[in-house]
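Asker: Predicted coordinates and the sequence they were generated for:
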Amino acid sequence: MILVPLMELLSYIAFSFVAGYLVFRLVRKQEAAVQTPRSDVLAGAASAALVTSGPVINLVSLIGAKDGYGKALLTVLFQTTAGHVWLGIFLLAICVWVLLYVNKLPVTTLVLFLGMLFLHAYGSHSSGSVMDTLAHFVHLSAAVFWVGVLVHVCFYTSKHFSWESFLKWFAPFAAVLVMAVIGSGIIVMLFAMDIQDYGNALMLTYGQMLLIKHIVFIPVLVFTVINLFLVRKVRQHPHFQPLNWIRAEAFLLAIVFACSALLGSSAAPADIAEALRNAGAAPIFGSIFQRVTAGSVATWYMSITGIVCFVGAGLFLGSILYFCKKRARASFALAAACAASGLLYAAIMSSLRF
């Protein structure tokens, strides 16, 4: 059902939009403030209450075909974890919307918003352990606050915006969030699957989305490193505008969000062989490895093609830093990031045997 991952993606966007606004409210750097219209912020908070209803809609559509949709809606809302979670998010979203409307109590607003994120994490991992839920909460929170700041900078900066003042606090802020994303992401992955099954999981759509997410995140890390040097570059070259570099990073993170939405809307396969028999291999994987069966086992080896692709990916990743140093167009760096991601994918897939 395409509606569920689509609404999951929209929920990430809505959460990020609200999170970014809350960060700028708390930082209070007038020379590095964004001019976000109040109506846009309120729309973001309201949409967060609606687009998080994907699991509820999915359950209602499944149950309603048999028992009637009105009865199914009441059953799902009041007798299932998905319904309880969404009702909690909806009520907290109303509180957040009211506080944003009156523009009061920013810290309280932040706490209530974190409650929304925690409920969303719990709903996505309600069958997991407490540690799994907390790891997912940290992972989600770090991601939406990171992306949220980038979204507001991409679309709401004015000509008087001070890039030097912004980058002074954003660079360390983003570095902390990156470490939180990586650390919590590893924990979430270890709870979701056995790391030794990573190669076998690539046969499934779940594994392919996980791989693409990890691959695209590598160039994002390079852009994060660049953020640490942009302060010096802006100070040395006052006419240098890093906006397009911020937009390039945001574009890559949007791809990561899309992969996360597909992962978040489907459970990790407990039995890869059984999942392969039931759902079949991922379309991309099936076009590369046509003789794979449910009993196939992945083994890793280093092929000539894989080595060439890994070297090429490394060169493209290095070229991103070179383009920044030479103050080249950010579009060149984004193209290099996409090329590096493609080569990394080719390198990994060509290093598998079944």
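Answerer: Now that the structure is in, tell me what you want to look at. Numbering: from 1, shown residues only.

Asker: Neighbours of L9, how many?
Answerer: Here the number of neighbours of L9 (other Cβ atoms under 10 Å) works out to 21. The C-beta positions use only the backbone N, C-alpha and C, and glycine is treated the same way.

Asker: Between the two ends of stretch 255-274, what distance do you get?
Answerer: Start-to-end span of stretch 255-274 (Cα to Cα, to the nearest Å) is 29 Å.

Asker: Nearest residue to the residue positioned nearest the centre of the chain in space, ignoring adjacent ones along the chain?
Answerer: Most central in the chain under Cα atoms, centre = their mean is F257, positioned 3.2 Å from the mean C-alpha point. Of all residues not flanking F257 in the chain, Y12 sits nearest, at 4.9 Å (Cβ to Cβ, 6 or more residues apart in numbering).

Asker: Which secondary structure state is assigned to that neighbour?
Answerer: Classification of Y12 using DSSP: H, G, I helix; E, B strand; the rest coil returns helix.

Asker: Is it correct that it is in contact with C259?
Answerer: No: using Cβ atoms under 8 Å, Y12 is not in contact with C259, being 10.9 Å away.

Asker: Now do the host helix or strand of the residue nearest to the centre of the chain: everything it contacts.
Answerer: Counting by DSSP states H and E, the element that carries F257 is helix 243-264. With Cβ atoms under 8 Å, 6 or more residues apart in numbering as the test, helix 243-264 has contacts from 5-6, 8-9, 12-13, 124, 143, 146-147, 150-151, 153-154, 157, 205-206, 209-210, 212-213, 216-217, 219-220, 223-224, 226-227, 230, 324, 329-331, 333-334, 337.

Asker: Show me what stretch 84-96 is in contact with.
Answerer: 18, 45-46, 48-49, 52-53, 55-56, 77-78, 109, 112-113, 115-116, 119-120, 122-123, 126.

Asker: which ones are touching S11?
Answerer: Taking Cβ under 8 Å, 6+ apart as the test, what S11 contacts is A48, V51, T52, G54, H120.

Asker: May I ask which of the residues you listed has the most neighbours?
Answerer: Counting neighbours by other Cβ under 10 Å, A48 leads those with 29 neighbours.

Asker: quick one: buried residues of the strand or helix carrying that residue?
Answerer: Using DSSP H and E, A48 sits within helix 38-51. Of all the residues in helix 38-51, those buried under the rule 16 or more other Cβ atoms under 10 Å are V41, L42, G44, A45, A46, S47, A48, A49, L50, V51.

Asker: and the gap between the first one and S47?
Answerer: Distance, V41 to S47, by Cβ to Cβ, to the nearest Å: 11 Å.

Asker: Check whether Y345 really touches I212, as I assumed.
Answerer: Yes: using Cβ under 8 Å, Y345 is in contact with I212, at 7.0 Å.

Asker: what comes up buried for stretch 13-29?
Answerer: 13-25, 27.

Asker: Please report the distance of the residue of the chain most remote from its centre from L74.
Answerer: The outermost residue of the chain, judged against the average C-alpha position, is D67 (36.1 Å), by Cα atoms, centre = their mean. With distances taken as Cβ to Cβ, D67 is found 10 Å from L74.

Asker: what does P269 give?
Answerer: 32 Å.

Asker: Likewise for K104?
Answerer: Between K104 and L74 the computed distance is 35 Å (Cβ to Cβ).

Asker: coming back round to it: among the contacts of S11, find the lowest-pLDDT one for me.
Answerer: Ranked by pLDDT, the contacts of S11 bottom out at G54 (84).

Asker: who has more neighbours, P269 and L74?
Answerer: Using other Cβ under 10 Å as the criterion, P269 and L74 rank with P269 on top: 22 against 12.

Asker: hang on, the earlier thing: looking at Y12 and C259, which has the bigger crowd around it?
Answerer: The residue with more neighbours, out of Y12 and C259, is Y12; 26 against 21, by other Cβ under 10 Å.

Asker: how about the more buried one, what does it touch?
Answerer: A143, V144, V147, F257, S260, A261.

Asker: Show the buried residues in the residues you listed.
Answerer: Buried residues within the contacts of Y12, counting neighbours by 16+ other Cβ under 10 Å: A143, V144, V147, F257, S260, A261.

Asker: Between the residues you listed, which sits nearest Q241?
Answerer: Of all the buried ones among the contacts of Y12, Q241 sits closest to V147, with 20.7 Å by Cβ to Cβ.

Asker: Now the closest one: which helix or strand?
Answerer: helix 130-156.
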